[in-house]
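# Here is a sequence together with a model predicted from it:
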Amino acid sequence: MIDMGLLEKAEKIQTDDKVDVSPAPVTASVVEPEPVKVAKKSRRERREKKPKKTRPAKEKKIRAPKTLPVGFENATKLQKRTRRFVDFAVSYGWSIPILGLQGFGGGTDTTYFIILGMLLTIGNLAVLPAYTNRSIGNWVSRTRYVNTRGENPLWPYLTIKGLTTTFVLISSFAILVVMSELSMGDSTVGTIFRIIGLLLILPPLIDYMMYKRRANGLGLWDTFFGGVWIVKTGKTAEAKGWLKRLESLGDFAESRGLLKEKEDTE
């Protein structure tokens with residue numbers, strides 16, 4: 001009986017010790033979808049998709065031909081010849097007798113004549129154009145230079161145009177020295193003379209060819225300075241002092257028939 005009681009107590013203890021184990025609630029884990037990677041567009045695709053801005057087509061500017069401005073009249077052929085002759089006589093005429101004296105082997109000292117001649121050249125090709133925009137040849141022939149705007153061109157135009165004779169003379173001298181087979185012909189000095197001769201003869205040749213072949217009659221320097229023409233001009237009422245004396249040279253040329261307008265203008 002004792003054993004039975006012990007067994008009942010033991011079973012009761014075991015039943016008390018049993019833990020009510022209930023399954024833990026299962027939480028459903030939400031699986032987040034992986035982000036879809038957007039494929040990057042290539043530069044070419046982006047450029048192709050971008051609408052191109054349509055720019056209006058630029059109209060090609062048609063260059064108007066350079067013509068003599070309104071209100072001016074081309075100088076006559078005789079006026080142009082008079083201008084060339086007077087400018088040559090003033091700027092380079094002094095060198096002819098000096099070269100003659102040197103050629104005949106005279107012992108005359110020509111230093112002062114050369115200095116005086118150089119002053120005449122500088123005065124006619126630089127000083128006078130800078131001050132009056134005309135050379136002595138222009139004053140005598142009653143002509144002047146105008147550009148496409150009807151204004152006086154920059155005074156260096158007259159200087160460079162007047163140096164054409166200098167270019168030809170120096171070039172001719174350099175070529176003659178080389179062709180004469182002197183001792184300097186094959187030396188460094190001879191080579192320098194050849195180069196100088198070839199370079200200085202090019203501007204006058206190009207100027208002459210352009211003047212003869214172009215319809216507007218503009219030479220190299222005329223075109224380089226934007227279009228320059230030699231036109232007729234009258235007496236300047238405001239001329240005073242030595243400018244009035246230059247005007248009187250035009251009166252003298254006119255009285256000698258050097259400014260007759262019978263010939264057609266070029």
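Perfect, I can see it now. Small disclaimer: the values here were computed from a predicted structure and weren't measured.

# can we go C-alpha only for contacts and neighbour counts from here?
OK.

# longest helix of the chain?
Looking across the chain with DSSP state H, the single longest helix is helix 188-213.

# Quick check: mean pLDDT of the helix or strand that it is followed by?
Using DSSP states H and E, the helix or strand that directly follows helix 188-213 along the chain is helix 220-224. The average of the pLDDT scores along helix 220-224 is 92.

# Model confidence for Leu199, exactly?
What the model reports for Leu199 is a pLDDT of 87.

# Over to Arg63?
For Arg63, the pLDDT comes out at 68.

# circling back: tell me which residues of the longest helix of the chain come out buried.
Buried residues in helix 188-213, defined by neighbour count with 16 or more other Cα atoms under 10 Å: 190, 193-194, 196-197, 200-201, 203-204, 207, 210-211.

# With just CA atoms, put stretch 247-264 into PDB.
Output in PDB follows, covering the C-alpha atoms of stretch 247-264 (Å, rounded to 0.1, in the frame of the first residue of the first chain):
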ATOM      1  CA  GLU A 247      48.600 124.800-105.800                       C
ATOM      2  CA  SER A 248      50.400 127.200-108.100                       C
ATOM      3  CA  LEU A 249      52.400 124.300-109.500                       C
ATOM      4  CA  GLY A 250      49.000 122.900-110.700                       C
ATOM      5  CA  ASP A 251      48.200 126.200-112.400                       C
ATOM      6  CA  PHE A 252      51.600 126.100-114.200                       C
ATOM      7  CA  ALA A 253      51.000 122.500-115.400                       C
ATOM      8  CA  GLU A 254      47.500 123.400-116.600                       C
ATOM      9  CA  SER A 255      48.800 126.400-118.500                       C
ATOM     10  CA  ARG A 256      51.300 124.100-120.200                       C
ATOM     11  CA  GLY A 257      48.600 121.800-121.300                       C
ATOM     12  CA  LEU A 258      49.700 118.900-119.000                       C
ATOM     13  CA  LEU A 259      46.200 118.600-117.500                       C
ATOM     14  CA  LYS A 260      44.000 118.500-120.700                       C
ATOM     15  CA  GLU A 261      41.000 116.300-120.200                       C
ATOM     16  CA  LYS A 262      40.600 115.300-123.900                       C
ATOM     17  CA  GLU A 263      41.700 111.700-123.200                       C
ATOM     18  CA  ASP A 264      39.300 109.100-121.900                       C
END
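
# so where's the stretch 101-250 of the chain shaky on pLDDT?
In the predicted model, the stretch 101-250 of the chain carries pLDDT under 70 at residues 103, 105-107, 178, 180-187, 237-239.

# for it, what spans make up the helices?
Counting by DSSP state H, counting those that start in this stretch, the segments of the stretch 101-250 of the chain that form helices are 111-122, 128-132, 136-141, 156-162, 164-179, 188-213, 220-224, 242-255.

# Can I get the fourth one in PDB? Just the C-alpha atoms.
Think helix 156-162. The C-alpha trace of helix 156-162 is given here as PDB (Å, rounded to 0.1, in the frame of the first residue of the first chain):
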ATOM      1  CA  PRO A 156      51.700 104.800 -95.800                       C
ATOM      2  CA  TYR A 157      49.800 103.900 -99.000                       C
ATOM      3  CA  LEU A 158      51.500 106.700-100.800                       C
ATOM      4  CA  THR A 159      54.900 105.900 -99.300                       C
ATOM      5  CA  ILE A 160      54.800 102.200-100.300                       C
ATOM      6  CA  LYS A 161      53.400 103.000-103.800                       C
ATOM      7  CA  GLY A 162      56.200 105.500-104.300                       C
END
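
# TSV for the helices of the stretch 101-250 of the chain, including distance to Thr236?
TSV is the format used below for the helices of the stretch 101-250 of the chain (distance: least, Cα to Cα, whole Å):
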stretch	distance to Thr236
helix 111-122	24
helix 128-132	12
helix 136-141	10
helix 156-162	20
helix 164-179	29
helix 188-213	30
helix 220-224	25
helix 242-255	8
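
# looking at these, which is closest to Asp87?
Proximity of the helices of the stretch 101-250 of the chain to Asp87 was assessed by Cα to Cα; the nearest stretch is helix 136-141, lying at 4.8 Å.

# Thank you kindly, that will do.
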